[in-house]
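Asker: Just to be clear, the model below is a prediction. Sequence and coordinates:
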Amino acid sequence: MRALFLVFLLTACTRPLTPAETALVAPLHGPTLNTAAVRLTKAPIVGAFPITYDARPRTTCRERIGPPLTGRITVPTAGIALFNRLFLSTPVHLPDYAAPLPDGRLDLPAAMFLVHELTHVWQWQNRAVTGYHPAKAFTEQVVLDDPYLFDADTVKPFLDQGYEVQATLVEEYLCCATLDPDGGRTDRLKSMLRQVMPVAEPQDFARDVWVPYTEDLPGICS
């Protein structure tokens with residue numbers, strides 16, 4: 001009976017991607033991601049697992065759209081990707097990660113979060129190429145202090161990066177293409193991602209967005 005109740009709860013809190021979310025990732029993964037297979041589930045227990053890491057260098061778009069941080073950082077886990085399903089903690093769960101805000105702008109951090117998690121789904125769906133399994137991504141969490149940390153100037157082939165870094169690089173391209181489409185690093189990211197997925201030109205991502213910190217936006221990916 002408890003198992004049936006749990007299944008009911010998960011089903012009640014599960015949804016497919018919205019049309020706006022599908023449109024958001026189309027210029028990134030293109031047909032290499034089967035978006036129809038994706039399901040998002042609200043799972044409060046996900047937030048019970050903390051992630052701790054040193055404040056990252058402010059050399060990436062991801063870091064520079066947020067306020068400066070110092071010292072040791074501890075945050076709850078926001079999402080876990082298992083095969084074609086995303087399990088999302090209550091604080092970050094949204095009915096639509098690509099829906100415009102009341103002023104018409106896109107919440108860029110929310111969009112980047114979704115893109116990151118969907119890249120794990122892409123890794124699974126393309127596992128013949130990526131070699132991905134959720135257990136391997138979990139192992140990165142165990143053995144690396146910060147599996148999301150990457151060198152902003154990396155030229156290492158995409159598939160030679162860790163699985164969390166791969167997902168971070170895709171969200172980083174969304175950030176750079178949106179905020180600095182003509183940036184030199186934006187172009188390098190495009191070339192790297194095109195080794196494995198048909199990302200669109202940076203100019204195709206032009207739209208008004210909201211970010212929590214605007215002091216570092218000029219030339220953010222140049």
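Answerer: It's in. Residues are numbered from 1 along each chain as shown.

Asker: now the helices for this structure?
Answerer: Under the criterion DSSP state H, helices of the chain are mapped to 2-12, 19-29, 61-64, 108-125, 127-130, 134-143, 163-179, 184-193.

Asker: okay, those helices in TSV with distance to residue 46 and mean neighbour count next?
Answerer: Placement of C-beta: from N, CA and C, glycine included. Shown next, in TSV, are these (distance: least, CB to CB, whole Å; neighbours: other CB atoms under 10 Å):
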stretch	distance to residue 46	mean neighbour count
helix 2-12	12	10
helix 19-29	19	18
helix 61-64	20	23
helix 108-125	11	23
helix 127-130	23	12
helix 134-143	13	13
helix 163-179	16	24
helix 184-193	27	18
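
Asker: Output those helices as a markdown table; include the columns distance to residue 50 and mean pLDDT.
Answerer: Shown next, in a markdown table, are the helices of the chain (distance: least, CB to CB, whole Å; pLDDT from 0 to 100):
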| stretch | distance to residue 50 | mean pLDDT |
| --- | --- | --- |
| helix 2-12 | 23 | 44 |
| helix 19-29 | 27 | 99 |
| helix 61-64 | 20 | 98 |
| helix 108-125 | 17 | 99 |
| helix 127-130 | 27 | 99 |
| helix 134-143 | 11 | 96 |
| helix 163-179 | 16 | 99 |
| helix 184-193 | 29 | 98 |
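
Asker: In TSV: those, plus distance to residue 43.
Answerer: Shown next, in TSV, are the helices of the chain (distance: least, CB to CB, whole Å):
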stretch	distance to residue 43
helix 2-12	8
helix 19-29	18
helix 61-64	24
helix 108-125	12
helix 127-130	23
helix 134-143	14
helix 163-179	19
helix 184-193	29
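
Asker: Which one of these lies nearest to residue 98?
Answerer: Proximity to residue 98 (CB to CB) singles out helix 19-29 among those, at 3.8 Å.

Asker: for the closest one, packing partners?
Answerer: helix 108-125, helix 163-179 (3 or more CB pairs under 8 Å, 6 or more residues apart in numbering; DSSP states H and E).

Asker: between those, which gets nearest to residue 18?
Answerer: helix 108-125 (10.2 Å).

Asker: Residue 140 contacts residue 148, correct?
Answerer: No. Between residue 140 and residue 148 there is no contact under CB atoms under 8 Å: 9.1 Å.
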